[in-house]
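# Next come a sequence and a model predicted from it.
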Amino acid sequence: APLSWDKSPVANGAHYFLFGRVDKNDAPGVLRESGFGVEFPNYIVDVQKDPETGKGSSFLACSRLTTLMSHTITTTITTGEYTEAIQFQCLERGGVRVFEGINFLSRKPQMSKDELGAMHERANKAGMFPYGAGPEQMHTVARRPEGADPVDNSWQAMWRAIGFDKLLELVTESIEDGGR
């Protein structure tokens, strides 16, 4: 069945902000991300630069993810404009993993099959396939076409009627202020 994005409470878009800090005690390539009142390590495994401007830094090195509980990633990150990034996120509480995520990020709204394949290949080279970075283990988030008219259907009316839009505004504000 086709994805039913038009029924989503965020069918007309949502804003998500990344609030991160670099802790001098962390290994290079770790950005401590916070949101929803939680801080967790966001391992920057790979970055790609703009081939035309030369801004940014290409993937330099990444050690293997050594165990499910211990991750050591070394990446060189410099200032500049990155076109793609691969992130590994992991949150543990009391020695139990409660969240694990792998994100392939691109500034391009649509990637070709070859471009996405190249990201999978870099994730494989970084040792991430056993943790869910293989093509058969990931999914692409559905997107609305750029420039599409706003969705205004019975589902969107229902979300507004129960105040879900106001809840999303509060969540966005919470994320924007780092959960303070």
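Cool, the structure landed.
# count of neighbours near residue 114?
Residue 114 has 7 neighbouring residues, counting by other CB atoms under 10 Å. No exception for glycine: its C-beta is placed from N, CA and C like everyone else's.
# Please give me every residue in contact with it.
Contact analysis of residue 114 by CB atoms under 8 Å, 6 or more residues apart in numbering lists nothing.
# try residue 8
residue 155.
# From residue 158, how far out is it?
Summarising the geometry, the distance separating residue 8 from residue 158, computed by CB to CB, to the nearest Å, is 12 Å.
# For residue 146, see how far away the residue nearest to residue 7 when sequence neighbours are not counted is.
What sits nearest to residue 7 in space, not counting adjacent residues and going by CB to CB, 6 or more residues apart in numbering, is residue 155, at 4.3 Å. Summarising the geometry, the distance separating residue 155 from residue 146, computed by CB to CB, is 22 Å.
# neighbour-wise, which of those two wins?
Set residue 155 next to residue 146 and count neighbours by other CB under 10 Å: residue 155 wins out with 15 against 7.
# At which residues are the strands of this structure located?
Using DSSP state E, the strands of the chain run over 19-21, 30-35, 38-49, 82-93, 96-106.
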